[in-house]
Structures are given as C-alpha cells and as structure tokens.
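A.B. asks: Here is my input, please return the structure:
(one chain, ligands or ions: 1)
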Amino acid sequence: MKHLENKVALVTGGSRGMGAAIVKRLAAAGADVAFTYVSSAARAQELAAAVATNTGQKVIAIAADSASHLAVAQAVEDTVARLGGIDILVNNAGIYGEPPVGEQSADDYDRVMDINVKAVYIAAITAARYMKTGSRIISIGSNMADHVAGQGAILYSMSKSSLIGMTKGMARDLGPRDITVNLIQPGPVDTDMNPADGPYAQAQLARLALSHYGSTDDIASLVNFLAGKESRFITGAAITIDGGSNA
Ligand code: NDP
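C.D. replies: Now for the predicted structure:
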C-alpha cells in the first residue's frame, strides 16, 4: 500500500517549480491532489492530466489567485467538494521581488503579504475546518526568514518569517486534534523564481556549504516525509533545507 493512499492533498502554486514537483510526489505516493495556479492555465491542465495518467490518482487544477483570500478559501472548498475532503495542505505559492527601499509603498507591502502570508493563513484555517485526525499543514517559507544575506528582500523576508509564528501558533491550536503544522525553509532551489544559471546564482552558491543548488525534488521529498505517518511527532517546526547556506 502506498503511504498516502486514501489521502487528499491541496498544493497552492502547483503548476511550476517546487509546487509541480510536490504535486507529482504526493500523487505518486497515492494521494488525490488538487493544485492552484494563477496564470499558467495550459501548463496546469497538462500537468494535471499527465500526473493523473502516470499515477492513476485524481489530479485537478484550480485557478485561484493567492492575492485574493476569497479565491484561496474557495480553492479549499472546491478541493473538499471535488475530492471528498482534505488531509494535506501544502502552502507553496509565493512571490519574490520588490522595488528599491526608497520606492516601496503600502501597496508593495499588501501584495507580498497577501500572497505570502494572508493566503497561507486563510488556506490553513479553512482547511482545518475539514481536517481529520492525522492531517498535515505544510508551508513553504524560506531560509531568508532566519538570515538575510543581501539587499532587496525586506518584504520577502518579513513575509517568510511571519510563517514561523503562524506555524507555531497553529501547531498549538491543532495539536489536540493530532494535526501537525510545519514549515519548510528552502535555500536556493533551481526554478523559474531562482534559476541555477541566473544572475544571482553565483553569489548564492558562494554561501552554501554544498557546491550546488537544491532541486525541486529535494523539497518534494521533505514534503512527502512530513505528509506521511513517519513524521507524526514533528509539529511547530521550521525545517531549513538550504545546502548549508545558513550554517
Ligand atoms: P516559481 O516562481 O518557480 O513558481 C511559483 C508557483 O506559484 C507557480 O506555480 C505559480 O503559478 C504559483 N503562483 C505564483 N503566484 C501565485 C498566486 N498569486 N496565486 C496562485 N499561485 C501563484 O516559484 P518556486 O517554485 O521557486 O517557489 C515556490 C515557493 O518556494 C515559494 O513560496 C517561494 O517563495 C519559496 N522559495 C523558493 C526558493 C527558490 O530558491 N526557488 C527558495 C526559498 C523559498 P503560475 O504558473 O500560474 O504563475
């Protein structure tokens, strides 16, 4: 028996990058999977069809912009309605990038915090209403919550460190129901957001203990572990997976 058989997962931002690798891994482990996207409609539909064919699981793509808390809550409701429940929530969707500090405004703050924090919180509290004993809430933060190594990441770092507090608080509130809540804090992972051959790659590589970027599969492996039974005593944790960048 596959270890996530009879489980339903929702992955936000599953059309590309880490999210797509997580969708594939959870379905391969036996879960039915819903995932959200915002702009890559064709790519999302292709991924859903391919993963469903390869795994035999139900896989559905839901258009839901994390900038709208109503859309995020609706994505959770749609998952429950279409797949019969929700056992695993993976808050993966996030954005990076902000104007220079002298040009920043409240609108920049709102955009980053709405997508990187508010959507995570709304998805978690909505999913928690439906979750049974043994369910999992896993969010993707960043190692920049703990150490900001360069300029241009005020809002991003602030947003990702907020997830540490949310994870700890929610772990306390949901612990009595045996629902675990954890945060994964990646370092450089080769995606469209942070290509391993991009203009900022060399500076990031220089900070690593290892000599290479992480892959999306490295992150999906940790999600897969946290989603399953073997991680049952881990909750309220922020787990850094960054090739030693913050070491
Ligand atoms: P990518 O930019 O490569 O992919 C982002 C994914 O999120 C896409 O599927 C995209 O959908 C979706 N997405 C983006 N904005 C929204 C939105 N407003 N609503 C719904 N979905 C959205 O990112 P990564 O895979 O690199 O990053 C995934 C997570 O990991 C993020 O939270 C990021 O902050 C974090 N992270 C990344 C690191 C890295 O080095 N790559 C390091 C540390 C943390 P669509 O295709 O429709 O645009």
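A.B. asks: Leaving out sequence neighbours, find the closest residue to G187.
C.D. replies: In this structure, G187 finds its nearest non-sequential neighbour in D242, 2.5 Å apart by CB to CB, 6 or more residues apart in numbering. For the C-beta atoms, the positions are set from N, CA and C on the backbone; glycine is no exception.
A.B. asks: For that neighbour, which residues are in contact?
C.D. replies: By CB atoms under 8 Å, 6 or more residues apart in numbering, the contact set of D242 is 143, 185-188, 208, 214.
A.B. asks: can you tell me which two in those are farthest apart?
C.D. replies: Q185 and L208 (14.5 Å; CB to CB).
A.B. asks: just checking, what packs against the helix or strand in which L222 is found?
C.D. replies: In the assignment (DSSP states H and E), L222 maps to helix 216-227. Here helix 216-227 touches helix 17-28, strand 88-91, strand 136-140, strand 180-186, strand 238-241, going by 3 or more CB pairs under 8 Å, 6 or more residues apart in numbering; DSSP states H and E.
A.B. asks: Relative to the whole chain's centre, how far out is it?
C.D. replies: 10 Å (CA atoms, centre = their mean, to the nearest Å).
A.B. asks: Could I get the buried residue list for it?
C.D. replies: 216, 218-220, 222-224, 226-227 (16 or more other CB atoms under 10 Å).
A.B. asks: Please enumerate residues in contact with it?
C.D. replies: 4, 7, 9, 17-18, 20-22, 24-26, 29, 31, 88, 90, 136, 138, 140, 180, 182, 184, 186, 189-191, 231, 234, 239, 241.
A.B. asks: if we look at the ligand, which of these are close to it?
C.D. replies: 17-18, 140, 186, 189, 191 (CB under 6 Å from any ligand atom).
A.B. asks: Just name the closest of those to the ligand, please.
C.D. replies: G17 (2.3 Å; CB to the nearest ligand atom).
A.B. asks: tell me the pLDDT at the closest one?
C.D. replies: Looking at G17, its pLDDT is 98.
A.B. asks: Pick out the residue nearest the middle of the protein.
C.D. replies: The chain has N92 as the residue nearest its centroid, 1.9 Å off, counting by CA atoms, centre = their mean.
A.B. asks: Surely it and G14 touch.
C.D. replies: Yes. N92 lies in contact with G14 (CB atoms under 8 Å); the separation is 6.9 Å.
A.B. asks: roughly how far apart are the nearest residue to T36 once chain neighbours are set aside and I88?
C.D. replies: The shortest distance from T36 to any non-neighbouring residue, by CB to CB, 6+ apart, is to A64 (4.2 Å). A64 sits 17 Å away from I88, going by CB to CB, to the nearest Å.
A.B. asks: ok, now D217?
C.D. replies: D217 is 18 Å from I88, by CB to CB.
A.B. asks: what's the longest helix in this protein?
C.D. replies: helix 154-174 (DSSP state H).
A.B. asks: So is that helix next to the ligand?
C.D. replies: No. Counting by CB under 6 Å from any ligand atom, the ligand has no neighbours in helix 154-174; the shortest distance is 6.9 Å.
A.B. asks: List the buried residues of that helix.
C.D. replies: By 16+ other CB under 10 Å, the buried positions in helix 154-174 come out as 154-164, 166-167, 170-171, 174.
A.B. asks: again, but for stretch 204-213
C.D. replies: 204-205, 207-208, 213.
A.B. asks: near the ligand, which residues of this protein?
C.D. replies: 12-19, 36-40, 65-67, 92-96, 115, 140, 142, 186, 188-189, 191-194.
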